[in-house]
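Engineer: just the structure for this:
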Amino acid sequence: MKKSLYWMIIFLAFVIIAASAALAQREVDYDLYSSALKYPKAVGPKQAQKRELQLFAGRILEQPFRPIGFVLGETAEWVERTHTENKVIWFFDKLASHGVYPALRTPHEGSNGTLGPGVRIQLDKLAQIEQPFAIVNVSGGWTPNKDFAGTTVDLSTDYKIEAPTKPLYHKGIARYWRSSAESFYGIGQKSSRGEWSSYEPEELNLEGKFGYNITDNSELTSAVVYQRMNVGNGNRERIGKIKEHFGTGIPGINGGDLIGIKSIWIHDNRDFKTDPKKGGYQSFEFSYFHDTDGSNLQYLTMTGSAAHFIPIFSDRRILALRVVAEKNQKLGGDQIPFYNMARLGGTDIRDGSELLRSYAFNRYFDESLIVANAEYRYNIYEYGNFAGDAFALFDIGEVFKEVHNFVFDELKFSYGGGVNIKFRRHTILSFVLARGNEGWATSTHTHVSF
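Structural biologist: Modelled structure (predicted):
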């Protein structure tokens with residue numbers, strides 16, 4: 001036993017002496033008391049090279065927009081010196097506290113420098129009525145049309161009643177709209193600019209809607225709709241009048257009374273609806289309409305759309321993508337009124353004509369439509385509540401009668417760019433310059449394109 005213990009002590013001594021000799025031959029390559037990287041691979045040569053490449057690519061993408069950023073930066077400094085920002089914020093916050101929300105309006109044609117006033121008033125807030133489950137609004141606006149060819153008037157009222165648990169709600173809408181000069185070029189992808197005429201729509205629209213919030217990001221709604229449309233000749237000078245130029249060959253040229261039902265599913269997970277940096281939305285609508293006045297109008301409509309917003313290296317650079325398809329199908333030998341057909345051309349989808357930004361508003365009408373839009377948006381400046389984006393755009397689309405009539409050779413396209421001026425992440429002015437098969441077009445409106 002003593003002999004075994006003796007040899008064990010000799011073995012341990014040998015190990016200690018050998019380890020000491022090995023350590024003495026080299027220096028310790030780290031400081032025991034220095035901070036250690038949690039993820040050392042993140043600072044390796046490859047990762048550093050990747051970051052430098054991303055930074056270089058980002059700077060290249062920024063260069064075309066830097067002159068615009070300089071001008072807007074100088075404007076921001078002037079705003080700071082004169083305290084304009086604080087004055088504007090105080091004014092609009094004071095109005096909003098009483099349920100008054102003023103806004104600018106632009107005509108459907110999206111012309112430059114043609115603006116009009118608009119307002120939305122939340123009556124329950126104005127009357128200081130605390131009611132968490134009901135909202136009542138009235139709104140209206142007026143604007144001169146493009147080239148001051150008459151005016152556009154829009155008046156509406158709506159209410160919304162929510163169930164206490166909030167998945168269910170009911171909404172009612174009444175809207176009156178009249179424009180003294182809207183453009184029409186005929187029906188079909190091959191309609192000519194030489195056929196340009198104008199018409200005067202006067203519409204009354206009543207809608208009762210029931211909705212169900214499936215999740216926080218998706219909802220399903222069903223509605224009963226009544227539409228009464230009067231169509232007259234527009235008053236645009238030196239431009240043809242629709243009834244004189246096209247006669248009775250256009251369905252719905254004399255207006256009509258329609259009643260219909262529709263269902264809409266929407267999924268929307270954008271981080272901020274008026275200024276999305278990520279997420280997207282998808283929707284599908286199915287509707288049926290029939291005339292109530294013997295005007296032989298009866299049809300189905302199916303519309304699907306999807307959009308996605310992708311940050312590129314940071315939320316200052318956004319790639320925005322969108323696609324829309326629409327199909328109207330006439331039933332029982334009846335017709336689809338031209339004013340409810342798929343429409344293509346213009347800069348603001350809220351006006352009912354899909355985005356094809358180098359073309360005039362309402363440039364193409366037909367039973368079916370497909371269009372895709374892409375934008376690269378770069379945040380060129382941000383100061384307090386004000387911000388500005390410069391963007392490059394590309395649109396491609398086509399209208400057609402039936403699916404088998406769609407041909408790639410007839411696709412129309414637009415490319416160009418513009419600037420969005422934003423206040424509290426709401427676009428207050430958007431300037432667009434685009435070029436396509438029919439030349440250059442410029443426009444101004446008061447919403448982000450999509």
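
Engineer: in the stretch 101-250 of the chain, what residue spans correspond to helices?
Structural biologist: 123-126, 242-246 (DSSP state H, counting those that start in this stretch).

Engineer: give me the helices and strands touching the shortest one, please.
Structural biologist: Counting contacts by 3 or more Cβ pairs under 8 Å, 6 or more residues apart in numbering; DSSP states H and E, helix 123-126 is packed against strand 134-144. Just so you know, the C-beta spots here come from the backbone N, C-alpha and C atoms, and that holds for glycine as well.

Engineer: what of the longest one?
Structural biologist: With contacts defined as 3+ Cβ pairs under 8 Å, 6+ apart, the packing partners of helix 242-246 are strand 197-213, strand 218-233.

Engineer: any regions of the protein where pLDDT drops low?
Structural biologist: For the chain, the stretches with pLDDT under 70 are 1-44, 48, 56-59, 61-85, 87.

Engineer: give the buried residues for the helix or strand hosting L393.
Structural biologist: Taking DSSP states H and E as the definition, one finds L393 inside strand 386-400. By 16 or more other Cβ atoms under 10 Å, the buried positions in strand 386-400 come out as 386-400.

Engineer: please tell me how far I242 sits from E182.
Structural biologist: In this view, I242 and E182 are 9 Å apart by Cβ to Cβ, to the nearest Å.

Engineer: the two: which has the busier surroundings?
Structural biologist: A count of neighbours by other Cβ atoms under 10 Å puts E182 above the other of I242 and E182, at 26 against 23.

Engineer: OK, contacts around the more buried one?
Structural biologist: E182 sits next to 108, 198-201, 234, 362 when contact means Cβ atoms under 8 Å, 6 or more residues apart in numbering.

Engineer: check S287 too.
Structural biologist: If you count contacts by Cβ under 8 Å, 6+ apart, S287 has them with 225, 260-263, 300-301.

Engineer: please repeat the previous calculation with a cut-off of 7 Å.
Structural biologist: S287 is in contact with 260-262, 301, counting by Cβ atoms under 7 Å, 6 or more residues apart in numbering.

Engineer: and the residue lying closest to R316 once chain neighbours are set aside, how far from V419?
Structural biologist: Nearest residue to R316, sequence neighbours excluded (Cβ to Cβ, 6 or more residues apart in numbering): N379, at 4.2 Å. To V419, N379 is 11 Å away according to Cβ to Cβ.

Engineer: ok, now Y383?
Structural biologist: Distance, Y383 to V419, using Cβ to Cβ: 15 Å.

Engineer: the more surrounded of these two?
Structural biologist: Taking neighbours as other Cβ under 10 Å, Y383 and V419 compare with V419 leading, 18 against 15.

Engineer: that one against F431, yeah?
Structural biologist: Yes - taking Cβ atoms under 7 Å as the definition, V419 is a contact partner of F431 at 5.0 Å.

Engineer: quick revisit: and of the helices and strands packed on helix 242-246, who's closest to N145?
Structural biologist: Closest to N145 of the helices and strands packed on helix 242-246, according to Cβ to Cβ: strand 197-213, at 9.3 Å.

Engineer: using CSV, list the CA coordinates for the closest one.
Structural biologist: Extracted C-alpha coordinates of strand 197-213, given in CSV (Å, rounded to 0.1, in the frame of the first residue of the first chain):
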residue,chain,number,x,y,z
SER,A,197,-63.9,62.0,-74.9
SER,A,198,-65.3,63.1,-71.5
TYR,A,199,-68.4,62.2,-69.5
GLU,A,200,-70.1,63.5,-66.4
PRO,A,201,-70.8,60.8,-63.8
GLU,A,202,-73.1,61.5,-60.9
GLU,A,203,-73.3,58.6,-58.4
LEU,A,204,-75.2,57.8,-55.2
ASN,A,205,-73.9,54.8,-53.4
LEU,A,206,-75.5,53.2,-50.3
GLU,A,207,-73.9,50.3,-48.5
GLY,A,208,-74.7,48.2,-45.4
LYS,A,209,-71.8,46.1,-44.3
PHE,A,210,-71.3,43.3,-41.6
GLY,A,211,-67.8,42.4,-40.7
TYR,A,212,-66.0,39.8,-38.6
ASN,A,213,-62.5,40.2,-37.3
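
Engineer: tell me how far the residue nearest to S139 when sequence neighbours are not counted lies from G211.
Structural biologist: Nearest residue to S139, sequence neighbours excluded (Cβ to Cβ, 6+ apart): R120, at 4.0 Å. Computed as Cβ to Cβ, the R120 to G211 distance reads 20 Å.

Engineer: comparing these two, which residue is more hemmed in?
Structural biologist: Taking other Cβ under 10 Å, R120 and G211 do not tie; G211 has more neighbours (19 against 16).

Engineer: quick one: residues contacting that one.
Structural biologist: Contact analysis of G211 by Cβ under 7 Å, 6+ apart lists 169, 171, 219-221.

Engineer: which among those residues count as buried?
Structural biologist: Among the contacts of G211, those buried by neighbour count (16+ other Cβ under 10 Å) are 169, 171, 219, 221.

Engineer: and which of these is nearest to P45?
Structural biologist: When those are compared for distance to P45 (Cβ to Cβ), E219 wins out at 50.1 Å.

Engineer: that closest one touches I266, doesn't it?
Structural biologist: Yes - look at E219 against I266 with Cβ under 7 Å: they come within range, at 5.6 Å.

Engineer: identify the contacts common to those two.
Structural biologist: Overlap of the contact sets of E219 and I266 (by Cβ under 7 Å, 6+ apart) is empty.

Engineer: where's G99 relative to I121, distance?
Structural biologist: 6 Å.

Engineer: er, Y364 I mean
Structural biologist: Taking Cβ to Cβ, one finds Y364 at 37 Å from I121.

Engineer: more crowded one of these two?
Structural biologist: Taking neighbours as other Cβ under 10 Å, Y364 and I121 compare with Y364 leading, 27 against 18.

Engineer: quick one, strands of the stretch 201-350 of the chain?
Structural biologist: Counting by DSSP state E, counting those that start in this stretch, the stretch 201-350 of the chain has strands at residues 218-233, 240-241, 256-268, 279-291, 298-312, 314-330, 342-344.

Engineer: those: which one's closest to W90?
Structural biologist: Closest approach to W90 among the strands of the stretch 201-350 of the chain is made by strand 314-330 (28.4 Å; Cβ to Cβ).

Engineer: what packs against that closest one?
Structural biologist: strand 298-312, strand 368-383 (3 or more Cβ pairs under 7 Å, 6 or more residues apart in numbering; DSSP states H and E).
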